[in-house]
Each structure stands twice: as structure tokens, then as C-alpha cells.
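[1] give me coordinates for this.
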Amino acid sequence: MTTSGVDEQMVTYAYRWMPFDGSADDEILAEFGLTPVQFYLRVIEIVESGEARGIVAPSHHRLITYCNRRVREHMGSSRR
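    Alright, predicted model coming up:
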């Protein structure tokens, strides 16, 4: 799989916001047209594919862990 410019922007966006525990959900929707769950799952897919340019390998695991946690949080909050 080859990443697009949007894919790279998504990975960069998630990586930048990771230290702050993410951005507001409405910003993800406005910026990428995806729900937070769709966004974080796509970032995981991109990083796991090895196509995440600009993110050093040791950070891949941290980013995937972070995205998985955000997905779980969103899935849990949607059940309430």
C-alpha cells in the first residue's frame, strides 16, 4: 500500500497531538472528514503498513498504542 498525502497528514496530526492526549473530536471531523474512531484506526493501518514517513521507528509502537487507546475510549463512550 502506498500512502497518500492525506495519510501522511493524518499520521503527522496524530503524532503531534499524542503528547497532549489528542485534539478535539470535532477538529478531526473538520480536518479529515472522519469520526475519531475511523481516524485512529486509519492511522494504525498506515503505521502498521510501514508507510508512515517522517515518524521514526521507535515512535511507531507508541503511536499505535496511543491510537488503540483512543479507539477503546471512543468505543466505550459510545456505549453509554
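[2] so, low pLDDT: which residues of this protein?
    Judged by pLDDT under 70, the chain has its weakly predicted residues at 1-3, 53-56, 78-80.
[3] quick one: the helices in it?
    With DSSP state H as the criterion, the chain has helices at 5-17, 25-32, 36-48, 57-78.
[4] which of those helices sits most buried?
    Among the helices of the chain, helix 36-48 has the highest mean neighbour count (mean count of other C-beta atoms under 10 Å), at a mean of 20. In short, each C-beta sits where N, CA and C put it, glycine included.
[5] from the contact counts, what lies against that one?
    Where contact means 3 or more C-beta pairs under 8 Å, 6 or more residues apart in numbering; DSSP states H and E, helix 36-48 is packed against helix 5-17, helix 25-32, helix 57-78.
[6] take these and lay them out in CSV including distance to Glu48.
    Converted to CSV, the helices and strands packed on helix 36-48 look like this (distance: least, C-beta to C-beta, whole Å):
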stretch, distance to Glu48
helix 5-17, 11
helix 25-32, 18
helix 57-78, 7
